[in-house]
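J.: please work out how this folds:
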Amino acid sequence: MKKYYLSFLLLFISFPQLSVSQTFSFDYGETSADVDLGTYVQFEGSITNTTNSLITIAVVKNVNEIPDGWASMICIGNLCYPPYVDSTTADIVGIDYNLSIQSIFNQNCTGCHDSSNPAGGLNLLSYENLMSNNVIVPGDHEASELYDRITRPESSNGDMPPAGSLDQDEIDLIADWIDEGALNGEKTASFSLDVVVQGTEGIGNIQIALLDVAYPEEAVTVDYTVSTTQSEMTLTVDHLIDWNMVGLPLVVEDGNVLTIFPDAIDGTLYSFGVSYIQEETLENGKGYWLRFDDSGSSDINGGEITSLTMSMNEGWNLISGISSTIELENIIDPWEIIIEGTLFGYNGSYLYTDNLVPGEGYWLRTYDAGDITFSNSQQSARAVFSVDRLEGSNRLEFANGTHANTLYFGENIPDETRLSYSLPPVFPYMAFDARFTDNMRNTEDGGKIQVINTNSSLNIHYNIMINAGEQKEWILATGVGEEYVLIGAGEITLPGGSQKMTLGKRTILPNNYTLHQNYPNPFNPVTTLRYSLPFYDHVKLIIYDLRGKEINQIVNSNQPAGFQSVVWNATDYFGRSVGAGVYLYQIQAGDFKDTRKMVLLK
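T.: Numbers count the residues shown, from 1 in each chain. Now for the predicted structure:
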C-alpha cells in the first residue's frame, strides 16, 4: 500500500518512548520530523498486550490538522488504511504461542514421541490426529485432550509432557491460552503513522489516541508533528495596465494583496465562487482579478511549491499554479473531471492556453466537483483535447488592433464535446471579448453575438468554408440595422465600442421569374417541377397533353418570393395514372407565363 510514496528524507534519530495503560503498552519512538516537500515520513511504534487475555485496541486520529494536499494514514501490522479512515481496531492476543506455549513443550517434552511418530514433532498445532480425542477445543480447556494429558497423575500412561514436569503456573498458562482461543499470534503488533507531504509547505499536527475498548477511559495519546524544509526563492510576475488575472505561486507569511503586489490598486482583488467576491489576501492555488494603474512587475519571495492539490467546484474555477510552469497534460486528474479545451488565461481578452505560468490566474472548467493536482515531477501522458473540429469551420475574427477573438460556425459539434467549446464567465471590466450569447465560441446555424470593445474601431475578418445551404447565404447583422453577406473571405470595419450582432442564414431571392426544367426528365413515375419567384405572387402550375387538354393543376395558391418546387406523380385530376408520352407544364404568376416539355416513360 505504501509503494506509491516517494523516497523520504528524515532529519531525526528515533529513540524508543513508552506509554502504558492497564492492559497494553505503546512504544512509539520519535514524534516529530522535518522533511522535504514531495516526500513522506513514517513514524513507527509497537503495541504490546500486557495481559494473558485477548484485547481489542482502538486507534483514533483525534487531531488531523495538516496543510492542503497532505495526507495521513494509520497502519497496524501489515494492514494500512486509506487517509480518509480516522479510526480502526485490532485484536492482540494475550499469550504469545511461540514464546509462551511452544517453549514449554520444547523444554519438557523432548521424549514425547518416538521415531515411529515423527509427524507431530513438538508443534501442538500438528497434533490433531495423534491423540484419541480433540487435542484442543478453543475456548474450553476442560474439553481439550491436551489439558487432560498435562494434568494426569505421574503414574498414568501417555501423559505429555511426562507427569509432574510442569509447574502449576505453566499448566494455568496453557489453560488460559486454550480459553483465549488457542491463537497462533503475537502479543505485540507493529504500528505506523504515515504522513504524505505534498502541495503546500507548512506544519502538520496529528494526535493519535490508543485505547482498550474494554477500558475506554484509559486512552494513551501521542502528538506527532511534521514540518517542511522550504526552498526559498524569488519569482518575478509581470502585469499589464488595468485588469489582470493573478495567483500566488509561493508560500509566504503575509498573503496581503499589497504585500504581494505593491503596485496594485487597493480594493480591486476579486476571487470567484458562484459570483465575484472581493478579497484582501491571496491563497495558493486560487486565481484572482486584480487591477493596476500601469504595466510592470512584482518580485515575490517565499517557499517553493512543487506540488499542490486543489478542490474544484463543478463548472468554472478561477485557479493558479505552482512555482514552476505546468503543462496541461501533466495535471493529475484521477477522476477525469477536467473539460479539455477550457483552460484560459487573460491578456486583455481571454486566450486558450495549454500551460500554467507561475503568478498568473486561469479559468478551468470541470464536469464535477473533485480534486486535481499540479506537480513539477509529474510525467503523465494524459491525452489533451484537440480542436481539429474547428479547423474546417467558418470563422469570424474580431480584432481591435490590440486584442483578437475568433468565433466559429457552420460545423456540428457532438453533444458529448460541446462544453469543450464554452467560454469563461464575462468579467465586467474586460478590455475586449467576443462570444455567442450562450457563452460558446462556436455555433452550427448562427446566433446572437456580444462584443466588448474599449477601442475606437472594430475589424471583423471572415472566412467562409461551409455554405449556409441550398439557396441560402450567411448574414451578419449589426445592432444598428446594417447587414453583411458573408461570402468567401473578407473584412468588415465598424466603429468602436461594445456591440450586439446576429449571425444567421437567409434565403437567396431570385432576380427574375423562371420556370426550370423538370428533374428527372424523362421520368417514371415521379418528377420535380421547379420555379423561381422574385416577389410574393399568386401562382398556377398546370399540366397539359400535346393536344392542349388540361390534365392536372398541381399549384394554385399565393406563394412567397424564393425558389419553389413541387412534385408531380403522373396522375390527372382524378388521381388516375396517365399514359406515357410528352406533356407540357405551364406556370402563371402575375404577368409572367412560361411553358416547358417533359417526357413520361412507362
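J.: where are the low-confidence patches of the stretch 151-300 of the chain?
T.: 153-164, 230 (pLDDT under 70).
J.: now with 90?
T.: Along the stretch 151-300 of the chain, the model assigns pLDDT under 90 to residues 151-187, 198-203, 218, 228-232, 273-275.
J.: helix or strand with the lowest mean pLDDT in this structure?
T.: Scoring the helices and strands of the chain by mean pLDDT, DSSP states H and E places strand 18-20 at the bottom, with a mean of 69.
J.: centre of the chain to the helix or strand following it, how far?
T.: Sequence order places strand 24-27 as the next helix or strand after strand 18-20, per DSSP states H and E. Its chain's C-alpha centre and that of strand 24-27 lie 43 Å apart, by Cα atoms, centre = their mean, to the nearest Å.
J.: helices or strands up against strand 24-27?
T.: strand 18-20, strand 39-49, strand 203-212 (3 or more Cβ pairs under 8 Å, 6 or more residues apart in numbering; DSSP states H and E). All C-beta spots, glycine's among them, are computed from the backbone N, C-alpha and C.
J.: what strands line up against it, and which way round?
T.: For strand 24-27, the paired strands and their directions (DSSP bridges) are strand 18-20 (antiparallel), strand 39-49 (antiparallel).
J.: kindly export that strand (C-alpha atoms) in CSV.
T.: Only the C-alpha atoms of strand 24-27 are listed here, as CSV (Å, rounded to 0.1, in the frame of the first residue of the first chain):
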residue,chain,number,x,y,z
PHE,A,24,-1.3,-2.6,27.0
SER,A,25,1.9,-0.6,26.4
PHE,A,26,2.7,1.6,23.4
ASP,A,27,6.3,2.0,22.3
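J.: model confidence over that strand, on average?
T.: Mean pLDDT, strand 24-27: 94.
J.: then stretch 526-534?
T.: 96.
J.: can you pull the buried residues of that stretch?
T.: Using 16 or more other Cβ atoms under 10 Å as the test for burial, stretch 526-534 gives Thr527, Leu529, Tyr531, Ser532, Leu533.
J.: coming back round to it: mean neighbour count, the strands paired with strand 24-27: which tops it?
T.: Comparing the strands paired with strand 24-27 by mean neighbour count (mean count of other Cβ atoms under 10 Å), strand 39-49 comes out on top with a mean of 21.
J.: show residues contacting that strand.
T.: Contacts of strand 39-49 with the rest of the structure, by Cβ atoms under 8 Å, 6 or more residues apart in numbering, involve 2, 5-10, 14, 23-31, 33, 35, 55, 57, 76, 90, 92-94, 187-197, 210, 224, 226.
J.: hmm, Val251 and Asn301 touching each other?
T.: No - counting by Cβ atoms under 8 Å, Asn301 does not reach Val251; the two are 10.3 Å apart.
J.: tell me which of the two has more neighbours.
T.: More crowded of Asn301 and Val251, by other Cβ atoms under 10 Å: Val251, with 21 against 12.
J.: I'd like the distance between that one and Thr229.
T.: In this view, Val251 and Thr229 are 12 Å apart by Cβ to Cβ, to the nearest Å.
J.: next one: Gly481
T.: Gly481 sits 68 Å away from Thr229, going by Cβ to Cβ.
J.: check Leu476 too.
T.: For Leu476 relative to Thr229 (Cβ to Cβ), the value is 60 Å.
J.: with Ile92 instead?
T.: 37 Å.
J.: which of those two has more neighbours?
T.: Legend: neighbour count by other Cβ under 10 Å for Ile92 and Thr229, higher for Ile92 (24 against 14).
J.: just give the nearest non-adjacent residue to Asp96, would you?
T.: Of all residues beyond its chain neighbours, the one nearest Asp96 is Lys187 (4.4 Å), with distances taken as Cβ to Cβ, 6 or more residues apart in numbering.
J.: so that neighbour touches Val93, yeah?
T.: Yes - assessed by Cβ under 8 Å, Lys187 is found in contact with Val93 at 6.1 Å.
J.: so for these two, which sits in the more crowded spot?
T.: Of the pair Lys187 and Val93, Val93 is the one with more neighbours under other Cβ under 10 Å, namely 24 against 20.
J.: residue contacts, the more buried one?
T.: Asn49, Leu54, Glu180, Gly181, Leu183, Gly185, Glu186, Lys187.
J.: restricted to strands, list these.
T.: Using DSSP state E, Asn49 are the members of the contacts of Val93 that sit in strands.
J.: one step back: can you select the buried ones among the contacts of strand 39-49 for me in PyMOL?
T.: For the buried members of these, the matching PyMOL selection, counting by 16+ other Cβ under 10 Å, is:
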select buried, resi 5+8+10+23+24+25+26+27+28+29+30+31+33+35+55+57+76+90+92+93+94+187+188+189+191+192+193+194+195+196+197+210+224+226
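J.: returning to that earlier point: how about the strands paired with strand 24-27, which one is nearest Thr281?
T.: Closest to Thr281 of the strands paired with strand 24-27, according to Cβ to Cβ: strand 39-49, at 28.4 Å.
J.: the buried residues of stretch 526-534 into JSON lines, with extra columns for secondary structure?
T.: Formatted as JSON lines, these follow (DSSP: H, G, I helix; E, B strand; the rest coil):
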{"residue": "Thr527", "secondary structure": "strand"}
{"residue": "Leu529", "secondary structure": "strand"}
{"residue": "Tyr531", "secondary structure": "strand"}
{"residue": "Ser532", "secondary structure": "strand"}
{"residue": "Leu533", "secondary structure": "strand"}
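J.: Phe398: which of these is nearest?
T.: Among the buried residues of stretch 526-534, Ser532 lies closest to Phe398 (Cβ to Cβ), at 36.1 Å.
J.: who does the closest one bridge with?
T.: With DSSP bridges as the rule, Ser532 is bridged to Thr514, Phe563.
J.: what do you get for Ser557?
T.: Under DSSP bridges, the beta-bridge partners of Ser557 are Val539.
J.: shouldn't it be in contact with His538?
T.: Yes - look at Ser557 against His538 with Cβ under 8 Å: they come within range, at 7.2 Å.
J.: the two: which has the busier surroundings?
T.: More neighbours surround His538 than the other of Ser557 and His538, with 12 against 8 (other Cβ under 10 Å).
J.: how about that one: what's its closest non-neighbour residue?
T.: The shortest distance from His538 to any non-neighbouring residue, by Cβ to Cβ, 6+ apart, is to Asn558 (5.1 Å).
J.: what sits against that neighbour?
T.: Per Cβ under 8 Å, 6+ apart, neighbours of Asn558: Tyr536, Asp537, His538, Val539.
J.: quick one: contacts for the one residue sitting closest to the centre of the chain?
T.: Nearest to the mean C-alpha position of the chain, counting by Cα atoms, centre = their mean, stands Ile337 at 2.3 Å. Going by Cβ under 8 Å, 6+ apart, Ile337 touches Met312, Thr366, Tyr367, Asp368, Ala369, Gly370, Ile372.
J.: in strands only, show me these.
T.: Among the contacts of Ile337, the ones falling in strands (DSSP E) are Met312, Thr366, Gly370, Ile372.
J.: mind listing the helices for the chain?
T.: When secondary structure is read from DSSP state H, the chain shows helices at 102-108, 145-150, 168-180, 257-260.
J.: show me what the first one is packed against.
T.: This points to helix 102-108. Helix 102-108 packs on helix 168-180, going by 3+ Cβ pairs under 8 Å, 6+ apart.
J.: who touches the helix it packs on?
T.: Against helix 168-180 from outside (Cβ under 8 Å, 6+ apart): 52-54, 93-95, 97, 100-101, 104, 136-141, 144, 146-147, 150-151, 166, 183.
J.: just the buried ones among those residues, please.
T.: 52, 54, 93-95, 97, 100-101, 104, 136-137, 141, 144, 146-147, 150-151, 166, 183.
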